[in-house]
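K.L.:
turn this into a model:
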Amino acid sequence: MLTYTPVTDPAELLRPELDSRTPQHEARDSVWGRTLARASYERQIAAVEARMEEAFRDAPEAEALLSIPRLGTVMAAVFLGALGDPRAYETSRQALRVAGLSLTVHESGRRHGKP
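P.N.:
Model prediction:
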């Protein structure tokens, strides 16, 4: 007859396996550990992005930035965070330069686009 013995420490169930570890066990655990870590990072990133989107929705510049094709909420929030207050700049070109963007391309001494 089998008897039920309650287990207070779940690691005890794995004790025989832990005593006879092989390289295959180590590889499996390493992959599993990386998988769990990645899932954790993805959850953290999703939480941060959700908070960014929530805060960005209240920004007066949100509607204008989101009207730019292919510019998502998170990227627009990053752009606005890097730029600061857009009203602090005299021209849009000045703001773009501060943000590291330019409407002109300089290649081999030649300039393309609007100066």
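K.L.:
give me the helices and strands touching the helix or strand where residue 35 lies, please.
P.N.:
Secondary structure from DSSP states H and E places residue 35 in helix 23-57. Counting contacts by 3 or more C-beta pairs under 8 Å, 6 or more residues apart in numbering; DSSP states H and E, helix 23-57 is packed against helix 73-83. Quick note: C-beta positions are derived from backbone N, CA and C, even for glycine.
K.L.:
buried residues, whatever helix or strand comes next after the helix it packs on. List them.
P.N.:
Later in the chain than helix 73-83, the nearest helix or strand by DSSP H and E is helix 92-98. When neighbours are counted by 16 or more other C-beta atoms under 10 Å, the buried residues of helix 92-98 are found to be residue 95.
K.L.:
quick thing: my sequence starts at 30, can you match it?
P.N.:
Got it, the first residue is 30 from now on, which makes the last one we talked about helix 121-127.
K.L.:
state the mean pLDDT of helix 121-127.
P.N.:
The average of the pLDDT scores along helix 121-127 is 81.
K.L.:
pull that helix out as PDB, backbone CA atoms only.
P.N.:
Presented in PDB, the C-alpha positions along helix 121-127 are these (Å, rounded to 0.1, in the frame of the first residue of the first chain):
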ATOM      1  CA  SER A 121      11.500  73.500 -35.200                       C
ATOM      2  CA  ARG A 122      14.900  73.000 -36.900                       C
ATOM      3  CA  GLN A 123      16.600  74.000 -33.600                       C
ATOM      4  CA  ALA A 124      14.600  71.400 -31.800                       C
ATOM      5  CA  LEU A 125      15.400  68.700 -34.400                       C
ATOM      6  CA  ARG A 126      19.100  69.400 -34.100                       C
ATOM      7  CA  VAL A 127      19.000  69.100 -30.300                       C
END
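K.L.:
any stretches of the protein with poor pLDDT?
P.N.:
30-57, 130-144 (pLDDT under 70).
K.L.:
let's see that with 80 instead.
P.N.:
Scanning the chain with the threshold set as pLDDT under 80 gives 30-62, 125-144.
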